[in-house]
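**Student:** sharing a model that was predicted from the sequence below.
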Amino acid sequence: MIRIGRLSLFFYGHFDMDHSLHRVSAQHLSTHPRMAFLQGVRDIFPLTLAVLPWGILAGSMAIETGLSFAQAFSMSAIIFAGAAQLVSLGMLKAGASTVSIVITILFLTSQHLIYALNFREPIHKLPIYQRLAVGFLLTDELFAVGSAVNKSLRFAYLFGAGLCFYLGWCLFSLIGIVLANTVPNLDRLHLDFSIVVVFILIIVPMIKNKATFIGVLITMISAALFKYYQFSAGLICSGLLGMFAAMLCAKRFVKDTGAAK
């Protein structure tokens, strides 16, 4: 279920979006596969290091929930979705049903459908095994760095960036699994703050216009309010409110621009 959005990369049509950290012209992305691969590794490496505490937390939390060493590592290696892993482990620890866990994770990771649609145009001509590989490696971080070269994406670049992040995540999770048996109560170190840091690094450079800024602001305010009043579906609702506000703002801007002309 977690991979539904990512694997849609190889059969959905193009969805035009402009989520870019900074536009990089086509000539700046090397046509040589090896160089494009290394450039992908270089571009995502800072974000890979940033999820070190997050990976350690996911690995240690899996052990504390009662998973074996093999199960804990397999969760990071196969599911490969940090937020989904932490939420599902928390719900499992709280005794939630399998159905509720699956539904929650499906909504939590639904943004990958949009990510896949955004990469559809430059990727759809690749062989299916390459599209599946990119679909498996597609994360928030890969989307962030990939959006910077959206129209000139090459498989080598995406594979290099995605593989670098994947290996880093598995390594950090492995460290967390080992530390869970030697350092008790790792969750009390507030390693989950790294999640906030990573998304700040991803989101802030994407705020390029008024509509995006309004959307982010509304999401932040509503999320804080929902959290304060302990509304269980607050995270999803705040995201929807932010998107709706951004859409209205964008439409108003287009209308005002048209009237000015």
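**Tutor:** Structure received. This structure is a prediction, so every number in the text was calculated from the model and none was measured.
**Student:** which residues of the stretch 51-200 of the chain fall in helices?
**Tutor:** 52-65, 69-74, 82-93, 98-108, 111-118, 120-123, 128-137, 140-147, 155-180, 193-203 (DSSP state H, counting those that start in this stretch).
**Student:** quick one: those as JSON lines, columns for mean neighbour count, distance to residue 230 and mean pLDDT too.
**Tutor:** For glycine as for every other residue, the C-beta is placed from the backbone atoms N, C-alpha and C. Formatted as JSON lines, the helices of the stretch 51-200 of the chain follow (neighbours: other Cβ atoms under 10 Å; distance: least, Cβ to Cβ, whole Å; pLDDT from 0 to 100):
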{"stretch": "helix 52-65", "mean neighbour count": "24", "distance to residue 230": "22", "mean pLDDT": "86"}
{"stretch": "helix 69-74", "mean neighbour count": "16", "distance to residue 230": "30", "mean pLDDT": "92"}
{"stretch": "helix 82-93", "mean neighbour count": "19", "distance to residue 230": "15", "mean pLDDT": "84"}
{"stretch": "helix 98-108", "mean neighbour count": "14", "distance to residue 230": "16", "mean pLDDT": "83"}
{"stretch": "helix 111-118", "mean neighbour count": "20", "distance to residue 230": "24", "mean pLDDT": "81"}
{"stretch": "helix 120-123", "mean neighbour count": "18", "distance to residue 230": "39", "mean pLDDT": "77"}
{"stretch": "helix 128-137", "mean neighbour count": "17", "distance to residue 230": "36", "mean pLDDT": "90"}
{"stretch": "helix 140-147", "mean neighbour count": "24", "distance to residue 230": "26", "mean pLDDT": "84"}
{"stretch": "helix 155-180", "mean neighbour count": "21", "distance to residue 230": "29", "mean pLDDT": "92"}
{"stretch": "helix 193-203", "mean neighbour count": "15", "distance to residue 230": "20", "mean pLDDT": "70"}
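**Student:** quick one: the closest residue to residue 141 other than its chain neighbours and residue 167, what's the gap?
**Tutor:** Nearest residue to residue 141, sequence neighbours excluded (Cβ to Cβ, 6 or more residues apart in numbering): residue 47, at 4.4 Å. Applying Cβ to Cβ, to the nearest Å, the value for residue 47 to residue 167 is 13 Å.
**Student:** now for the two: what residues contact both?
**Tutor:** The contact sets of residue 47 and residue 167 do not overlap (Cβ atoms under 8 Å, 6 or more residues apart in numbering).
**Student:** roughly how far is stretch 197-215 from the heart of the chain?
**Tutor:** Its chain's average C-alpha position is 14 Å from that of stretch 197-215, according to Cα atoms, centre = their mean, to the nearest Å.
**Student:** what's the span of it, first residue to last?
**Tutor:** In stretch 197-215, first residue to last residue: 19 Å (Cα to Cα, to the nearest Å).
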